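Colleague: Give me the fold of what follows.
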Amino acid sequence: MKFIKKIINKNFVLLVTILLIGIYLRSDNLYTWPRLGATFDEYAWTWQGMNLIQTGIPRSWSPHPQYENFDQIYYQDAHFRIVEPFLEHPPLFGLVAGSFAILNGVDGMLNLHIRDIRLLALILGTFSMVMVYLLVRELYDRRIALISVVFYAVVPSVVVGSRIVQNENFFIPVWLLALFFVAKYIRQKKIIFRNLAALLCGALVLAKIPWIAAAGSIFLIFLYLKRFKDALIFIFAPVIGLVIFFLYGIYYDKELFINLWGLQVARYDLTFVSVFALFQKPYLIDRFYLDGWIYFGWFAFILLLLNIKKNFFIIFPLLSYFVIFMAGIPDEPGHGWYRYPFYPFLIISLALFIKEYFNKNYVLTFLFFVIVGLSLLENTWSRTLGFSFLIFRGFIVLSALSMLPLFFPNTKKLSSFISYISLGIIFVLSIWSVLLYNEQ
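Modeller: Next comes the predicted model:
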């Protein structure tokens, strides 16, 4: 009886509907866009895991000169330098992707195609949507959770980016799950939730070293709450993961492993220009994609800083990854996936913006419409029907009408109606943008 009531509960039905929309948008052109070769990291991770499972030796492609044992192959019209042992990254995500490929019938690395593995990206993307909802519901309420998940389901950069088999798309849902466990622990005082979060944070370091950001974010949360014993656990968890990775690397080839670490720690330029590239160079995968949702998400996040006490569970994770991004992975040309871990927190910031400022601060509401709406019109109307002064100026005028109550107090109802119409247009344009996305 309770199950039946849950099924017909309107919030549950709405959530399922949103998830289905998100799944549909992610599955549309799943094997086409991003195109084959937008990043061959999809093959690198999968080959690493497949070979480790099948031969006991990590083997994959890499361009780095530190590898002396390699083969040159040409596969699917692309050149690969296959190295052995492949030690520049830990093996966990490779094992996940490789296991999925093997279970999907791939019996050798040269029989792999993106159609064999991108279903994994769809599964991880769906998992991320669910975790956005669960985390926000635990931190705030069901209404903000629904707004967050509907945005996460349709924002073009999030949707298209989630279609590739990339380590970041594994990191995001597992990180959100760890944060969810911590939120449950703080509320319910059950040690099992904290321990599960620590286990996940330790495991994430075995997927990719920068994923130490997950443990860092939870460390900051407990530090802010003055819960020092809990914070200490999230120092030890990633250290254990790092020790396991070091033992793994030393086991296969100590000298190569150390040389690769030397490469990684000196690989990027750490300058302000590198960080500014977040806004100056809007990479989605290997090409620019201008998405106003992401730009305004940063502005919405800055607004959260006005109330750290209420929003620290969103602020500290983003800042934790931002520090890692600045220190180790900024401004790599054609590597848009490095930005993906910011996205869930930017989207949640947008949902909180809607709750706190939409139709309340009329200037901010107008800016939201213009920044997000015009970028979506550029990606839809202009690409399909050609640029139109009438349409673009019409949208600006419609958006400006949301500010009427600043000058005419009796127009609040009209302004509210116009604002919701404009928000509906943005929602439709977002879906249209995803369906139109291609790299031709």
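Colleague: Buried ones in the lengthiest helix in the chain, by neighbour count?
Modeller: If you go by DSSP state H, the chain has its longest helix at helix 228-265. For helix 228-265, the neighbour count (16 or more other Cβ atoms under 10 Å) marks 230-231, 233-234, 237-238, 240-242, 244-245, 248-249, 253, 256-257, 259-261, 264 as buried. Placement of C-beta: from N, CA and C, glycine included.
Colleague: what packs against that helix?
Modeller: Applying 3 or more Cβ pairs under 8 Å, 6 or more residues apart in numbering; DSSP states H and E, we find helix 228-265 packed against helix 191-205, helix 212-224.
Colleague: Highest mean neighbour count out of those?
Modeller: Sort the helices and strands packed on helix 228-265 by mean neighbour count, taking mean count of other Cβ atoms under 10 Å, and helix 212-224 sits at the top with a mean of 23.
Colleague: Any regions of the protein where pLDDT drops low?
Modeller: Residues of the chain meeting the criterion pLDDT under 70: 1-8, 267-270, 330.
Colleague: Dump the helices and strands packed on helix 228-265 to CSV, plus distance to residue 125.
Modeller: Compiled in CSV, the helices and strands packed on helix 228-265 are given as follows (distance: least, Cβ to Cβ, whole Å):
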stretch, distance to residue 125
helix 191-205, 18
helix 212-224, 18
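Colleague: out of these, which comes closest to residue 131?
Modeller: helix 191-205 (11.6 Å; Cβ to Cβ).
Colleague: Need the CA coordinates for that closest one. PDB is fine.
Modeller: C-alpha atoms of helix 191-205 as PDB (Å, rounded to 0.1, in the frame of the first residue of the first chain):
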ATOM      1  CA  ILE A 191      29.000   6.300  12.000                       C
ATOM      2  CA  ILE A 192      28.400   4.000   9.100                       C
ATOM      3  CA  PHE A 193      27.600   6.900   6.800                       C
ATOM      4  CA  ARG A 194      30.900   8.700   7.700                       C
ATOM      5  CA  ASN A 195      32.900   5.500   7.200                       C
ATOM      6  CA  LEU A 196      31.200   4.900   3.800                       C
ATOM      7  CA  ALA A 197      32.100   8.400   2.700                       C
ATOM      8  CA  ALA A 198      35.700   7.900   3.800                       C
ATOM      9  CA  LEU A 199      35.900   4.600   1.900                       C
ATOM     10  CA  LEU A 200      34.600   6.300  -1.300                       C
ATOM     11  CA  CYS A 201      37.100   9.100  -0.900                       C
ATOM     12  CA  GLY A 202      40.000   6.700  -0.500                       C
ATOM     13  CA  ALA A 203      38.800   4.700  -3.500                       C
ATOM     14  CA  LEU A 204      38.500   7.800  -5.700                       C
ATOM     15  CA  VAL A 205      42.200   8.500  -5.400                       C
END
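Colleague: what's the angle from that helix to helix 212-224?
Modeller: Inter-element angle recorded for helix 191-205 and helix 212-224: 140 degrees (by axes from the mean of the first three to the mean of the last three Cα atoms, to 10 degrees).
Colleague: Now the most centrally placed residue in the chain: closest residue in space that isn't a chain neighbour?
Modeller: Centrality entry for the chain: nearest residue to the mean C-alpha point is residue 340, 3.4 Å, by Cα atoms, centre = their mean. Excluding its sequence neighbours, the residue lying closest to residue 340 (Cβ to Cβ, 6 or more residues apart in numbering) is residue 168, at 4.2 Å.
Colleague: Quickly note the distance from that neighbour to residue 69.
Modeller: 29 Å (Cβ to Cβ, to the nearest Å).
Colleague: So for those two, which sits in the more crowded spot?
Modeller: residue 168 (25 against 11; other Cβ atoms under 10 Å).
Colleague: Check which residues of whatever helix or strand residue 143 lives in are buried.
Modeller: Using DSSP states H and E, residue 143 sits in helix 142-154. By 16+ other Cβ under 10 Å, the buried positions in helix 142-154 come out as 144, 145, 146, 147, 148, 149, 150, 151, 152, 153, 154.
Colleague: From residue 87, how far off is the nearest residue to residue 204 once chain neighbours are set aside?
Modeller: Leaving out its chain neighbours, the residue that sits closest to residue 204 by Cβ to Cβ, 6+ apart is residue 211, at 3.9 Å. Between residue 211 and residue 87 the computed distance is 17 Å (Cβ to Cβ).
Colleague: cool, residue 25 as well?
Modeller: Look at residue 25 and residue 87: by Cβ to Cβ, they are 37 Å apart.
Colleague: try residue 23
Modeller: 36 Å.
Colleague: More neighbours: which of those two?
Modeller: Just comparing residue 23 and residue 87: by other Cβ under 10 Å the higher neighbour count belongs to residue 87, 28 against 16.
Colleague: I figured the more buried one was touching residue 258, is that so?
Modeller: No. With contacts counted by Cβ atoms under 8 Å, residue 87 stays clear of residue 258, the gap being 9.8 Å.
Colleague: which stretches of the protein form strands?
Modeller: Assigned by DSSP state E, the strands in the chain fall at 60-61, 70-75, 78-83.
Colleague: Now tell me what touches the first one from outside.
Modeller: Strand 60-61 has contacts (Cβ atoms under 8 Å, 6 or more residues apart in numbering) with 40, 43-45, 47-48, 51, 80-83, 86, 94.
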